[in-house]
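**Student:** sequence below, structure please.
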Amino acid sequence: FIIYYLNDILIFSKTIDKYQKYIKNSTRYTIFNLFYKKNIIILPTKLYIGYLNVELLSFCIDSPGLTNID
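**Tutor:** Below is the predicted model:
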């Protein structure tokens, strides 16, 4: 799954295998290749890879999906 909000892009899935396909696939359609082709800059300070959950805008994003934490 991919969710975007303003300048944040979240990529998550139910399994690590599906997650890795989004970011490590050797085809030309990986997310990082698309960013490169569109001249989108990724800041290392904003990059989190392989986390089990991330909190953003009062939501927790994890393998089941989105959960409101308020």
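
**Student:** can you give me the strands in the chain?
**Tutor:** Remark: strands assigned in the chain by DSSP state E are 2-5, 8-11, 53-56, 59-62, 65-68.

**Student:** out of these, nearest to I31?
**Tutor:** Of all the strands of the chain, strand 8-11 sits nearest to I31, with 6.4 Å by Cβ to Cβ. (Each C-beta comes from the backbone N, C-alpha and C, glycine too.)

**Student:** enumerate every residue touching L56.
**Tutor:** Contacts for L56 (Cβ atoms under 8 Å, 6 or more residues apart in numbering) come out as Y5, D8, L10.

**Student:** what residues of stretch 8-17 count as buried?
**Tutor:** Residues of stretch 8-17 classed as buried by neighbour count (16 or more other Cβ atoms under 10 Å): F12.

**Student:** now do that stretch: distance from first to last residue.
**Tutor:** 23 Å (Cα to Cα, to the nearest Å).

**Student:** what's next to it, contact-wise?
**Tutor:** Residues outside stretch 8-17 that contact it (Cβ under 8 Å, 6+ apart): 1-4, 19, 22-23, 31, 46, 50, 54, 56, 61-65.

**Student:** tell me, what residue is most central in this structure?
**Tutor:** The centroid of the chain falls nearest to I11 when counting by Cα atoms, centre = their mean (2.3 Å).

**Student:** redo the strands of the chain as TSV? Include distance to F35 and mean pLDDT.
**Tutor:** Putting the strands of the chain into TSV (distance: least, Cβ to Cβ, whole Å; pLDDT from 0 to 100) gives the following:
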stretch	distance to F35	mean pLDDT
strand 2-5	12	75
strand 8-11	9	78
strand 53-56	18	85
strand 59-62	19	84
strand 65-68	23	84
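
**Student:** most tightly surrounded among these?
**Tutor:** Scoring the strands of the chain by mean neighbour count under mean count of other Cβ atoms under 10 Å gives strand 59-62 as the most buried, with a mean of 16.
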